[in-house]
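**Student:** Here is a sequence together with a model predicted from it:
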Amino acid sequence: MEDLKVILEKFAGCGWDLIAVPSKAYLDGNISKEALSKAIEQADSECGSCGCEFDPLYKRCLELL
């Protein structure tokens, strides 16, 4: 689960509310795995092939959840 934590901490600090807010909330124990998965799936759909460093992290995060 350390991999998941590292990814979520990166998402939480990215400044994009779509993934930053739910990632921080999950790390704090304030939202469900399902709610986080939904946000990550949306981010992957919107930005998952733009070529940024987060593209592979969306998919990895969903695998780990």
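**Tutor:** Everything's here; your move.

**Student:** make it CA atoms for all contacts and neighbour counts henceforth
**Tutor:** OK.

**Student:** quick check: mean pLDDT across stretch 33-43?
**Tutor:** Here stretch 33-43 scores 97 as its mean pLDDT.

**Student:** Now do the buried residues in that stretch.
**Tutor:** Residues Leu36, Ser37, Ala39, Ile40, Glu41, Ala43 are the ones in stretch 33-43 that count as buried (16 or more other Cα atoms under 10 Å).

**Student:** and it, how far from the chain's centre?
**Tutor:** Relative to its chain's centre, stretch 33-43 lies at 7 Å (Cα atoms, centre = their mean, to the nearest Å).

**Student:** which residues touch stretch 32-39?
**Tutor:** Here stretch 32-39 makes contact (Cα atoms under 8 Å, 6 or more residues apart in numbering) with Leu18, Ile19, Pro22, Ser23, Tyr26, Leu62, Leu65.

**Student:** so where do the helices sit in this structure?
**Tutor:** All helices of the chain, identified by DSSP state H, fall at 2-12, 17-27, 33-47, 55-64.

**Student:** before we move on, back to that, taking the contacts of stretch 32-39, please make a ChimeraX selection of just the buried ones.
**Tutor:** Selection of buried members from the contacts of stretch 32-39 for ChimeraX, criterion 16+ other Cα under 10 Å:
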select :18,19,22,23,26,62
